[in-house]
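**Q** one predicted model, sequence on top.
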Amino acid sequence: MSAPRPARPAVPAVLADGRGLSGGMLRQLFIGQCLVLALHLAWMPAWLVALALAVAGYRLVQLRRGLPRAGILLRLAAVGGLVLALWLQFGTLGSMDGLVGLLLGVYLLKLLETHDRRDARVVVVIGLVTTAVAFLHDQGIPMAAGALLAVAWLLQSLVWLSGATGLRQAWRETAWLLVLSAPLMALLFVTFPRLGPLWSMPQMDRAATGLTDEISPGDIAELSRSDARAFRARFAGRQPAPDERYWRVYTLSHFDGIRWSRATPDQLAVALERPADAFVREAARSPWQAQESARFSAELLLEPDSRPWRPSLGTPLASDSRQRFLADGTLEGLTPLSSRSLLRLASSGAPPLYPDPAGSRWHRLLPDGANPRTRALAGRLWRESDGDPDAYLAAMMARFGEAPYRYTLSPPRLVGEHRVDDFLFDSQAGYCTHYASAAAVMARMAGIPARVVAGFLGGERHPDGHFTVRDYDAHAWVEVWRDGAWRRLDPTAVIAPERIEQGAQAVDDGAEAFLADARFSPLRMREVGWVNRLRLEWERLEYRWQRGVVGYQRESRRSLMARLAGWWREAWARLDALLPGRGAVTTALVLVGVLVVAAGLALLVQRGWHRHRRRRDERWLVGQLQAWLARHGLAAHAGESPAAHLRRIAPRAGPAGRALEECARDLERLAYAPLEAAERRQRQRRLAQRVAEVRRLLPRRRRGPGGAGA
């Protein structure tokens with residue numbers, strides 16, 4: 001029979017002097033820093049990795065060659081260099097990116113002056129704070145899994161610092177702590193409201209989508225190169241058909257000859273000398289259009305964005321919270337989106353049915369002398385239509401559908417002064433913004449109020465019913481004022497109907513530009529069946545996580561509490577119907593049950609309090625341990641003191657031997673040494689920990705003869 005393999009000696013966290021940290025503990029802290037840093041690297045500068053390696057390398061050389069500790073000058077120089085590098089990187093330290101970078105840098109530099117147990121605990125605590133800060137970047141499943149791994153490693157480091165005999169024991173106690181804390185975490189998550197001040201902190205100044213509140217021909221074509229997600233939507237009831245998925249974001253009514261831009265309510269109030277509330281109202285329902293026209297009810301999961309835009313399917317009518325309803329038919333939030341947010345919105349699915357307070361004159365303005373060839377074309381079409389606005393618009397749209405006009409994802413760049421002329425008569429190839437801009441300009445040239453709307457068209461429908469709208473779904477179309485309502489005109493539907501039905505990926509002309517900036521996107525492999533199924537399954541899981549976990553807000557908590565209350569009332573009604581005597585018997589049983597539960601709770605509290613008081617009595621603690629040892633075949637000999645008993649069985653106790661030795665030593669110190677009150681309490685707590693450790697680590701043995709042990 002082969003001899004048993006010798007056990008690996010435990011690596012101490014603290015050296016024999018009781019203060020200095022061992023190399024194994026420093027390595028443990030460095031690995032924890034790497035795990036925490038990995039959570040931030042997608043948003044933080046990569047040179048922080050070099051900083052972490054430099055600090056770890058310095059400590060390694062210091063330990064191996066016995067170099068002196070890092071002096072105050074070296075530490076001040078390191079902090080100064082960190083601040084300077086962050087300032088050069090972000091231009092300021094007042095932004096959220098700069099503050100997070102400063103926290104990360106200080107966390108990494110702390111290892112320079114970490115030499116004893118107290119310093120190591122400070123490093124671990126800073127690591128826990130930095131892990132929590134990572135959720136300001138993202139709250140997705142990968143981030144949650146990475147944070148759980150980092151927290152487990154940091155907790156394991158704390159357990160090791162608290163006296164664990166080795167990594168195996170430290171991991172076992174860490175797992176036990178995590179398992180014990182899981183029910184409490186779930187209870188707090190379900191019952192307690194979210195802490196608003198944390199999650200409404202100013203977010204990084206980063207837009208979730210490239211869509212802006214001003215466009216020129218060719219701008220939106222650039223977005224076809226990106227697969228960034230803008231928002232997701234789930235409909236209650238009827239879902240829109242592909243040609244109804246016009247997601248309105250911005251209404252662009254000002255044209256300077258080159259660009260279409262949005263006139264804010266404040267700008268309109270100044271330009272038209274009217275109060276701002278004539279153009280915007282804060283409310284939960286639209287003051288501009290009746291609610292009876294609502295056709296769609298959607299729940300939107302919006303991506304973080306530094307701008308307060310909110311998409312709506314047509315005209316927004318009602319929301320589950322106060323929003324800014326603009327008279328031009330768009331919607332804004334009261335604040336930018338600092339994190340992913342849920343918005344429930346009822347909308348009409350159609351352009352507004354009311355006139356814009358800015359007036360028809362505002363929507364007919366054009367720069368003087370701009371685009372003369374287009375003006376001549378508009379005059380000719382107007383005459384051929386006999387001055388009929390509807391016939392004129394139909395002729396204009398028909399012209400876009402004729403050769404040689406073509407729809408392309410790679411339109412030629414227009415740089416001249418008269419860009420609508422250049423498009424209509426020279427390049428004759430463009431994207432949605434080219435055609436929308438030209439159509440709006442030609443409508444205004446005929447005296448028809450018109451404006452451009454920028455937003456999204458379409459969205460990918462997932463098997464579970466929700467839609468994902470991405471950057472490449474960005475779109476622009478035109479609204480004209482006809483017969484007392486705004487009417488949608490989309491030249492894209494004439495020249496490239498496949499764009500309306502199937503999305504930007506269906507456009508063949510310039511197809512090489514589609515997702516050109518997302519070369520590793522799984523969307524490129526949608527034709528590969530199993531890859532696409534995996535992608536859809538992951539997106540479904542991630543959507544449910546964002547909606548059910550990250551999106552669990554006050555309304556979700558109230559809904560859950562209401563369902564629980566409903567279940568309780570239903571169970572009560574069934575019990576009342578089954579028992580004889582109905583109300584009186586039920587009330588009596590409930591009173592008895594309440595009294596029994598109250599008595600049980602009081603007894604548990606009393607026993608817990610007595611146990612807590614007695615756990616501070618070292619004689620009771622050791623007496624309980626000796627009785628437990630006796631039941632496991634390791635009883636004390638006659639006349640043997642408790643300390644001698646524990647020392648005698650320590651060599652045969654396997655991994656619990658060290659804890660037994662420390663129990664004996666602490667017991668003797670508590671019994672005979674003149675200790676101050678603080679040190680006595682500390683030793684009593686440590687004795688209780690060692691007793692629990694013995695119970696957990698001692699191998700189970702059969703009882704020997706006479707109960708003296710095997």
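**A** Now that the structure is in, tell me what you want to look at.
**Q** look up how far Ala394 lies from Arg540.
**A** Arg540 is 43 Å from Ala394, where distance means CB to CB, to the nearest Å. To be clear about C-beta, it is placed using only N, CA and C from the backbone, and glycine gets the same treatment.
**Q** same question but for Leu409, I mixed them up
**A** For Leu409, the distance to Ala394 - CB to CB - is 27 Å.
**Q** can you check Ala636 too?
**A** Look at Ala636 and Ala394: by CB to CB, they are 104 Å apart.
**Q** likewise Ala496?
**A** For Ala496, the distance to Ala394 - CB to CB - is 19 Å.
**Q** those two: which is more packed in?
**A** Higher neighbour count among Ala496 and Ala394: Ala496, with 22 against 14, using other CB atoms under 10 Å.
**Q** what's near enough to touch the nearest residue to the more buried one once chain neighbours are set aside?
**A** Distances taken as CB to CB, 6 or more residues apart in numbering place Tyr407 nearest to Ala496, at 3.7 Å, with adjacent residues excluded. Tyr407 is in contact with Ala429, Gly430, Tyr431, Tyr435, Thr492, Ile495, Ala496, Arg499, Val507, Asp509, counting by CB atoms under 8 Å, 6 or more residues apart in numbering.
**Q** nearest to Trp153 among those?
**A** Val507 (48.5 Å; CB to CB).
**Q** and that closest one, how far is that from Pro357?
**A** 37 Å.
**Q** more crowded one of those two?
**A** Neighbour tally, Val507 and Pro357, criterion other CB under 10 Å: the higher count belongs to Val507, 21 against 16.
**Q** how about low-confidence regions in the stretch 551-700 of the chain?
**A** For the stretch 551-700 of the chain, the stretches with pLDDT under 70 are 551-561, 572, 575-587, 589, 608-616, 700.
**Q** how about 80 then?
**A** 551-594, 602, 604-620, 675, 677-679, 681, 696, 698-700 (pLDDT under 80).
**Q** now the stretch 201-350 of the chain
**A** Using pLDDT under 80, the stretch 201-350 of the chain drops low at 201-213, 216-225, 291-293, 338-340.
**Q** surely Met397 forms part of a strand?
**A** No: the assignment for Met397 by DSSP: H, G, I helix; E, B strand; the rest coil gives helix, which leaves it out of any strand.
**Q** so what's it up against?
**A** Contacts of Met397 (CB under 8 Å, 6+ apart): Ala439, Leu489, Pro491, Val494.
**Q** now do Ser293
**A** For Ser293, the contact set (CB under 8 Å, 6+ apart) comprises Thr315, Leu317, Ser348, Ala350, Leu353.
**Q** buried among those? Make that a ChimeraX selection.
**A** For the buried members of those, the matching ChimeraX selection, counting by 16 or more other CB atoms under 10 Å, is:
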select :315,317,348,350
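**Q** and the residue most central in space within the chain, which of the three is it?
**A** In the chain, the C-alpha nearest the mean C-alpha coordinate belongs to Gln139, at 2.3 Å (CA atoms, centre = their mean). Secondary structure, three-state DSSP: Gln139 is coil.
**Q** so what does it look like in phi/psi?
**A** phi -120, psi 30 (degrees, to the nearest 10).
**Q** that one against Glu542, yeah?
**A** No: counting by CB atoms under 8 Å, Gln139 sits too far from Glu542 to count as a contact (10.6 Å).
**Q** tell me which stretches of the stretch 1-150 of the chain form helices.
**A** 23-40, 47-65, 72-90, 96-109, 117-133, 141-161 (DSSP state H, counting those that start in this stretch).
**Q** helices or strands next to the third one in the packing?
**A** It stands for helix 72-90. helix 96-109 (3 or more CB pairs under 8 Å, 6 or more residues apart in numbering; DSSP states H and E).
**Q** dump the helix it packs on to PDB, restricted to CA.
**A** Output in PDB follows, covering the C-alpha atoms of helix 96-109 (Å, rounded to 0.1, in the frame of the first residue of the first chain):
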ATOM      1  CA  MET A  96     -17.200  60.600 -14.200                       C
ATOM      2  CA  ASP A  97     -14.500  58.800 -16.300                       C
ATOM      3  CA  GLY A  98     -11.800  60.900 -14.600                       C
ATOM      4  CA  LEU A  99     -13.100  60.100 -11.100                       C
ATOM      5  CA  VAL A 100     -13.400  56.400 -11.800                       C
ATOM      6  CA  GLY A 101      -9.900  56.400 -13.300                       C
ATOM      7  CA  LEU A 102      -8.600  58.200 -10.200                       C
ATOM      8  CA  LEU A 103     -10.200  55.600  -7.900                       C
ATOM      9  CA  LEU A 104      -8.700  52.800 -10.000                       C
ATOM     10  CA  GLY A 105      -5.300  54.400 -10.000                       C
ATOM     11  CA  VAL A 106      -5.300  54.900  -6.200                       C
ATOM     12  CA  TYR A 107      -6.400  51.300  -5.700                       C
ATOM     13  CA  LEU A 108      -3.500  50.000  -7.800                       C
ATOM     14  CA  LEU A 109      -0.900  52.400  -6.100                       C
END
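**Q** from the rest of the structure, what touches that helix?
**A** Helix 96-109 is contacted from outside by 33, 36-37, 40, 43-45, 48, 51-52, 55, 75, 78-79, 82-83, 86-87, 89-90, 92-93, 123, 126-127, 129-130, 133, 136, 201-205, using CB under 8 Å, 6+ apart.
**Q** and the angle from it to helix 47-65?
**A** With axes from the mean of the first three to the mean of the last three CA atoms, to 10 degrees applied, the angle from helix 96-109 to helix 47-65 works out at 10 degrees.
**Q** got the angle between helix 96-109 and helix 72-90?
**A** Going by the same axes, to 10 degrees, helix 96-109 makes 150 degrees with helix 72-90.
**Q** pLDDT of helix 96-109, averaged?
**A** Helix 96-109 comes out with an average pLDDT of 90.
**Q** filter the contacts of Tyr407 to the buried ones?
**A** Buried among the contacts of Tyr407 by 16+ other CB under 10 Å: Ala429, Gly430, Tyr431, Tyr435, Thr492, Ile495, Ala496, Arg499, Val507.
**Q** go through the contacts of Met397 and flag which are in helices.
**A** Ala439, Pro491, Val494 (DSSP state H).
**Q** roughly how far does Ala147 sit from Ala182?
**A** On the measure of CB to CB, Ala147 and Ala182 end up 15 Å apart.
**Q** the more surrounded of those two?
**A** Ala147 (19 against 10).
**Q** pretty sure Val441 contacts Val420?
**A** Yes: between Val441 and Val420 there is a contact under CB under 8 Å: 5.1 Å.
**Q** any shared contact partners between those two?
**A** What both Val441 and Val420 touch, as defined by CB under 8 Å, 6+ apart, is the set Asn371, Thr374.
**Q** for Phe467, name its beta-bridge partners.
**A** On the basis of DSSP bridges, Phe467 is bridged to Ala233, Arg461.
**Q** repeat that for His254.
**A** Ser261.
**Q** still on that earlier bit, TSV for the contacts of Met397, including neighbour count, distance to Arg569 and pLDDT?
**A** Listed next are those as TSV, based on neighbours: other CB atoms under 10 Å; distance: CB to CB, whole Å; pLDDT from 0 to 100:
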residue	neighbour count	distance to Arg569	pLDDT
Ala439	25	59	94
Leu489	22	55	94
Pro491	26	58	92
Val494	20	59	89
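**Q** can you lay out the residues you listed as CSV showing distance to Pro372?
**A** Below are these laid out as CSV (distance: CB to CB, whole Å):
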residue, distance to Pro372
Ala439, 18
Leu489, 23
Pro491, 21
Val494, 25
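**Q** ok, the nearest residue to Leu268 once chain neighbours are set aside to Thr174 distance?
**A** Nearest residue to Leu268, sequence neighbours excluded (CB to CB, 6+ apart): Phe279, at 5.1 Å. Separation of Phe279 from Thr174 (CB to CB): 58 Å.
**Q** could you check how far the helix or strand that contains Ala627 is from the centre of its chain?
**A** For Ala627, the element it lies in under DSSP states H and E is helix 618-631. A distance of 50 Å separates the centroid of the chain from that of helix 618-631, by CA atoms, centre = their mean, to the nearest Å.
**Q** summarise which helices and strands it is packed against.
**A** Using 3+ CB pairs under 8 Å, 6+ apart, helix 618-631 sits against helix 642-649, helix 657-672, helix 677-697.
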